[in-house]
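Colleague: here is my input, please return the structure:
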Amino acid sequence: MATLRHAGLAALEALLIAILVWFATMTLASAGPSGGGLIGSAQAGRDPASLTVAGGRFGGTTVATATPGAAGTWIHATCSQAGIVVQSVWVRPDAAHRARLALGPAPRWTSGAATCVAESGTFTAAGRWWIQASTTFTVTP
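Modeller: Numbers count the residues shown, from 1 in each chain. Below you'll find the predicted structure:
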């Protein structure tokens, strides 16, 4: 009887340790670059990232400027009409931290105005998109 009781307590202790390890793992995973947390303290004292994008006309281009331009930075722009995404583009900035974005036409965007969101960021080692800065801009017809 004592052996069964001891085995049961050992199993409960192992389960408790497994749950604590799982919670710790999930907490650290959510504190990754896009979640803030621990990474934020490592970023203390650094210049904040910024992103500027001028609006433009449909069928033209506009320039996105991301600063600071960390190695591996990408610009991701998503344009929508009436809440429906009509274009999504990924562009690498040049040495001057600028990226030229095409503003249509696209298969789902044949004319008209659009509201766009641009993000600058990098991909983590785990392949997750880490947004450093974002802004909105408008495309006119």
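
Colleague: the residue nearest to Thr61 when sequence neighbours are not counted pairs with what?
Modeller: Leaving aside its sequence neighbours, Thr61 sits nearest to Arg100 (Cβ to Cβ, 6 or more residues apart in numbering; 5.2 Å). No exception for glycine: its C-beta is placed from N, CA and C like everyone else's. As for beta bridges, Arg100 partners with Val63 under DSSP bridges.

Colleague: in stretch 108-118, what counts as buried?
Modeller: Trp109, Ala114, Cys116, Ala118 (16 or more other Cβ atoms under 10 Å).

Colleague: which stretches in the protein count as helices?
Modeller: 2-30, 38-42 (DSSP state H).

Colleague: for the protein, name the helix or strand with the lowest mean pLDDT.
Modeller: Here the helix or strand of the chain ranked lowest by mean pLDDT, DSSP states H and E is helix 38-42, holding a mean of 39.

Colleague: still on that earlier bit, so which of the buried residues of stretch 108-118 comes closest to Ala82?
Modeller: Using Cβ to Cβ, Ala114 comes nearest to Ala82 of the buried residues of stretch 108-118, at 9.4 Å.

Colleague: give the bridge partners for that closest one, please.
Modeller: The partner residues for Ala114, given DSSP bridges, come to Val139.

Colleague: distance of it from Thr124?
Modeller: 29 Å (Cβ to Cβ, to the nearest Å).
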